[in-house]
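In: whatever this is, show me its structure:
(2 chains)
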Amino acid sequence: MLRRSLNRLLGGDERRVDNRTIYIGHQSFPVNEAFIPPKFCDNRIVSSKYTVWNFLPKNLFEQFRRIANFYFLIIFLVQVIVDTPTSPVTSGLPLFFVITVTAIKQGYEDWLRHKADREVNKSTVKVLENGEETSKESEKIKVGDIVEVTENDTFPCDLILLQSSRDDGTCFVTTASLDGESNHKTHYTVPDIERDLQSLSATIECEQPQPDLYKFNGRMHIYKNDQEPTVRSLGPENLLLKGATLKNTQKICGVAVYTGMETKMALNYQGKSQKRSVVEKSINAFLLVYLCILVSKALVCTTLKYVWQNKPGQDEPWYNEKTQKEKDTNLYLKMFTDFLSFMVLFNFIIPVSMYVTVEMQKFLGSFFITWDKDFFDPEIQEGALVNTSDLNEELGQVEYIFTDKTGTLTQNNMEFIECCIDGFQYKHRGACSELDGFCVTDGPVNKLQQKAGREREELFLRALCLCHTVQVKESTEQARSQGEDCIDQVDGLPVEDEALQPPQEERGFIASSPDEIALVKGAMRYGFTFLGLESKTMKILNRNKDVEMYELLHVLNFDPVRRRMSVIVRSRSGDTLLFCKGADSSIFPRVRQEEVERIRMHVERNATDGYRTLCVAYKHLSEEEYAQADEGLREARLALQDREEKLMAVYNQVETGMNLLGATAVEDRLQEEAAETMEALQGAGMKVWVLTGDKMETAKSTCYACGLFQKRTELLELTVRTLEDGGRKREDRLHELLSEYHKKAVQDAPPVKAGGSRGRFFGKQDYGFIIDGPSLSIVLSSSSESNSNLYKNLFLQICQNCTAVLCCRMAPLQKAQIVKMVKNCKGSPITLSIGDGANDVSMILEAHVGIGIKGKEGRQAVRNSDYAIPKLKHLKKLLLAHGHLYYVRIAHLVQYFFYKNLCFILPQFLYQFFCGYSQQPLYDAAYLTMYNICFTSMPILAYSLFEQHICIEFLLKNANLYSEVAKNAMLRWELFLYWTLLGVFHGLVFFFGVRFLFGNPALQDNGQVFGNWSYGTIVFTVLVFTVTLKLALDTRHWTWINHFVIWGSLAFYVFFSFFWGGIIWPFQKHQRLYFVFANMLSSVSAWLVIILLILLSLLPEILLVVLRKPRGPYARKLSEDDLLQSSRLQPSHHCPIST
Amino acid sequence: MMASSYNAKEEDGHHPGSSNHGGTGPSSSKKPDNTAFKQQRLPAWQPILTAGTVLPAFFIIGLIFIPIGIGLYVTSNNIKEFEIDYTGVEPDSPCYICAQNFSWNSTTPCICTVNFTLQQPFENNVYMYYGLSNFYQNHRRYVKSRDDKQLNGDLNNLEDPSSDCEPYRKIGGKAVAPCGAIANSLFNDTLDLSYVESNGTLNSIDLQRKGIAWWTDKHVKFKNPAGSNLSVAFQNTVMPVNWRNPVYNLDPSDPDNNGFINEDFIVWMRTAALPTFRKLYRIIPKKSGAASTLPSGSYRLKIAYNYPVLSFDGRKRMILSTISWMGGKNPFLGIAYITVGSICFFLGIVLLIINHKYGNRSSSADIPN
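Out: Predicted structure coming up:
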């Protein structure tokens, strides 16, 4: 009866949105009640965009959504439909070319995605079905299937662990590809499950999929032969996530709860939206301006045309009658087609070729990143990788850098640095240190070369050996067969000093925290080797090569609130000992106070050095003390309610009155040149935020180590700890803290000069801000909307005024949230995310520029990044040199392109005033088409590939140069206006110069006259020469390629003109240019006017260059001296006395 | 994308360090070449435009341009040009009657004579132009209204001209040769120049019809259709509606100047750039000896007034001009050169002063740094 109602209840649950019910192994219940198998999505992962069928329409649609492509399509259609002055080929051909190339590229990329999807979806997994093991394709896994996974395999979907090959019902998992934590996590089977999974009859009731990796709530109902179903609660420790890898466990069985796109991994995945650079946005804005110019030009011409035609005799003089068709056309239709014709005539003002050139520039330019040998890392034998070339210039615009900590800032490679026993410092000096390598460099009392008592020393080392949860990797053969595999894991710590102690070092250690391994290894250096844990017995090899055995009685696990852990062991001699290690703040109050001062000094000094410090304490437990603790612990462990609290109480009770033994310092070694890189980036005006999933202490020490926080930096902390300080509601406290920090950092601080070097303000208080994941989620998802906005604003303002911000305990999605928040804040700064792990993928995708580090934690960061570099230190050159140059190059390219087309089309526009607004082109069709394709495209392409207005070394040396191009400085409206005015000026000069010359068209010394095509050709010649020479004036870095291309283009123009005018072209209807160019050159006047106009056009340009001798945007008096020095120092190198 | 990325991790987890490095492509798996090109270290010339380098340039430009400008100006000024408007708008002008009474149907041309006086003698070759104003030869509809294939002697196009020639393509089913608006509106005034001797006798001046068109046009671009006889070649065509003579009879005096290669016709076919233009009409060759080509004195221009321009408010002129190495009279170039040269020179001086001051300032400003 009860079961029936329960089933009904379950059915009801199933219909509710917030729960799902899973029937393990799809077993129907003994009851005959009909149940509808719930529908869940299959385990297929779909990341591709197109299918074969929808590729063409969808891709074309996507492409024509681009404003430029759409515009060209319209122009093309107009040319096809309406009788226009130029042939449809002139715009159709380039458009077709662009569209086809893009479609092929995108199709290829999607094909790659299909392939990758297929690989994942078709991979075989073992599924238990009706007692038999069958192989299935991964995509066919259904919710409720029992899946078997073997060691080192990734879980194909989210599983509830049912069975493990390990005796204790645990399995080890590394979630490196999910959250970046590469340590081994222990997961537990659901208790009370029969060994034979076939006979298992159970349902799981759990929440609907949600992206939080660390949250899971569920219940399992186990039905046993007509007994009451037993209910077990399920937590995150039972859930194995898709993407995680099984380690150190032969095989496990689990039941699929979330599949396919509903797995936590998939939910944490953010679609790779197309990133657009600021430059592209600028282009679009400029495009609109030019579109307006174009439309207004066409409108003006159309209007004037009809005004002009109204005068008698103008519209249709006797010598120029209209065709019958023209006469019949409706006036308004004619006006409209006239308007369109003008549009077509002037459409070259927005050139297709600019998009082609920009694409080519980006594509070719990105090779310089891959080719850069400075990015080559000999360790992994790889250089940089460019995944998208669309964002090259964005590298020069970065304002915020979001960096992952582990593996990015640090090497994720803990090393034992030193310890302090009883106030004596023991520094491990590299490989040469022997047992007596202990020495004292400083101490409370200046006891040089003295040591703590031998007994204390050994006790300390024993504590290090015993107080941990490290396991020795069981099968060394297996490890060896896997080659480098164990090196890749944090636990299989790279065996650096193998030569020193070969037998011991060969063993791999596995632990949930790399620090513990470092400590065990540290102890090993001093002669105490942890041999392993065998059936509750810990074995230690001591200095005398004797094996000591300790019975492990209890492990008082580490937790972030207590911030310490303890073990209770019983030695052979029967002593019961408690060893405890933990953060200084949590140990000091629990030890005898007289010992504290001696140690505190070391700890503080080590902490400021950026080391991770731990204090070690011990305590003798008498029989009755132990008995009491033992009882308390057992009781608390069995408690069904408030287990945590009860355990905590017992822990706190046991861990009191200890004796402080000493402290350790472990270094998470920073990446090479991490501090220098950070300094350079900050010097370049970028703000560095560290986003990490790691613990706050660790992260903080890293920040200190790489110089993001400094001694005088005042830290503003917004963490669970500070929030719970007052004992009040978190949100109230949050409000209070935020306002307080805001007052401190924002209101009291002097206003920061925008755009200036925001690096270090000497003499001014530096602030560092620390926030952790839970606090952030309160900030972001406050109860009320208005509060949430207020908090967000306060938070952002505080952060913007801090020199560095540290966000710890971040879930991957939270990282992305932060990036998104900063990205969308006022001024929409350009953000860059850099990381190496899968946990960074979402933020890499979210930021404007995502950089992947080719680190140890796999490749998904690299795959999802826009750029990948082997090491953090490469970021400096990537941004300061490559980014800066790319930005300058492309900004100049864009401005130049608009300019050159404006002064190309303006004479054509002006000519309409002299030809009765009849849409008569000034230039021949060949010139119209070739201008952007052949005559003027190559020099600017070469410029945009090779220009180095400041040489790379100088850029690297002077980080502040970077901030000079910040905020899209070279594409600001003022500069755009300048270029536009320049274009207008040139256009006017070209047109009217020749206009005045043609006041008397008898320009040859034989009295013969020139016609309209000669007019156009002279204007065009002046135009081609002027725009090319204008670029030559702007070129600061003339390689042979620049020479070749610039002079080559001009020569090509002359050659082409001769050629084009030298032959009666059979396929051409009109031989307009026949010998026009040659005749032009035979006229001295034409020569003279060409020279004059070119010079006149360039005169203001030259003048400006000279007048802005302090070099306009690149002005820096301060650096002039450096410059001289640097060029003096490196006389051999082509370092410019930059201009 | 997602699958690929996570899948990559799976692979990497299994075989790190070994196989996966090839996945990024062969180009990045090996050390990048240390070539100057790939490392962006190509040797480069890095010019710096400073006042020091530009100042001399300014002065040099000034020094070159001003003399050229003066030379051009003087040359232009030495060119003698005489222009007379014979449209006949004003009632007292000699061609007023012809202009007013113009009719397309009249078979005999209206003749008017204009007397004028040359104050100075014209030396060397003198070129006679006709000028038209407000005549849009550069109108798009007009410019394209021709068939270059037909004009090049293509027989197909001769009898089936291009549609561009509409509405001057065919008349009554017969092709127009030469077709199109340009040909149809060929300038057909006849200008005869006579020197009025002091005794009142008219001394007709020999006007040379050859050499007024571009050589290449006359010999390559324009060709008569093949055929022993021009009138036979054109037998299946009709002449343009506004013409008085068929194309093979444009110049009765010279059989080689007929058909499409008639130079007057070729000159007309080269459409003018601007609505006010001049076209070369005749050349008055230099007389042997020291005598001026056109001595100063009275002249009479006899005009066969065939070409109506009043309907579109146009003007007709006759221009006599000598020619220099730079072409016809046009003071623009000279003035422009002098102006630009002066500007350069002036700027050079200004820059010199600025640079002098700035140089002092910057050097003093550098000291505290």
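
In: spell out which parts of the stretch 201-350 of chain A neighbour chain B.
Out: Residues of the stretch 201-350 of chain A lying near chain B by Cβ under 8 Å from any Cβ of the partner chain: A:243, A:245, A:265-266, A:269, A:271-272, A:311-314, A:317-324. (C-beta placed from N, C-alpha, C; glycine too.)

In: how far off centre is stretch A:908-922?
Out: 52 Å (Cα atoms, centre = their mean, to the nearest Å).

In: who touches that stretch?
Out: A:84-86, A:297, A:301-302, A:304-305, A:308-309, A:314, A:338, A:341-342, A:345-346, A:907, A:923, A:928, A:987-988, A:991-992, A:995, A:1012, A:1015-1016, A:1019-1020, B:136, B:138-143, B:273-275 (Cβ atoms under 8 Å, 6 or more residues apart in numbering or on different chains).

In: pLDDT weak spots in the stretch 451-600 of chain A?
Out: For the stretch 451-600 of chain A, the stretches with pLDDT under 70 are A:451-452, A:473-507, A:510-512, A:535, A:560-561.

In: ok, which stretches of it are helices?
Out: Under the criterion DSSP state H, counting those that start in this stretch, the stretch 451-600 of chain A contains helices at A:454-466, A:476-481, A:485-488, A:502-505, A:514-525, A:584-587, A:596-608.

In: buried residues in stretch A:619-633?
Out: In terms of neighbour count (16 or more other Cβ atoms under 10 Å in any protein chain shown), stretch A:619-633 has its buried residues at A:Lys619, A:Leu621, A:Tyr626, A:Ala629, A:Asp630, A:Gly632, A:Leu633.

In: and the fifth one, what does it touch?
Out: Just to be clear, that refers to A:Asp630. A:Asp630 neighbours (Cβ under 8 Å, 6+ apart): A:Leu553, A:His554.

In: one more time with 6 Å, if that's ok
Out: A:Asp630 sits next to no residue when contact means Cβ atoms under 6 Å, 6 or more residues apart in numbering or on different chains.

In: and B:Gly200, helix, strand or coil?
Out: Look at B:Gly200: counting by DSSP: H, G, I helix; E, B strand; the rest coil, its state is coil.

In: among the residues of the stretch 201-350 of chain A next to chain B, which are in strands?
Out: Judged by DSSP state E, the subset of those located in strands is A:Thr245.

In: please indicate which of the residues of the stretch 201-350 of chain A next to chain B are buried?
Out: Listed as buried from these are A:Gly243, A:Thr245, A:Met265, A:Ala266, A:Tyr269, A:Lys272, A:Gln314, A:Pro317, A:Tyr319, A:Asn320, A:Glu321, A:Thr323; burial here means 16+ other Cβ under 10 Å.

In: just put the residues you listed in CSV and tack on distance to A:Val555.
Out: Putting those into CSV (distance: Cβ to Cβ, whole Å) gives the following:
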residue, distance to A:Val555
A:Gly243, 29
A:Thr245, 25
A:Met265, 31
A:Ala266, 35
A:Tyr269, 36
A:Lys272, 43
A:Gln314, 102
A:Pro317, 106
A:Tyr319, 107
A:Asn320, 102
A:Glu321, 105
A:Thr323, 99
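
In: and the stretch 151-300 of chain B, which residues reach chain A?
Out: Within the stretch 151-300 of chain B, the positions adjacent to chain A are B:166-167, B:181, B:185, B:216, B:221, B:270-274, B:277, B:279-280 by Cβ under 6 Å from any Cβ of the partner chain.

In: show me which of those is closest to A:Gly1007.
Out: The closest of those to A:Gly1007 turns out to be B:Leu280 (Cβ to Cβ; 5.5 Å).

In: correct me, but the closest one touches B:Trp214?
Out: No: the pair B:Leu280 / B:Trp214 is not scored as a contact, 10.3 Å apart, by Cβ atoms under 6 Å.
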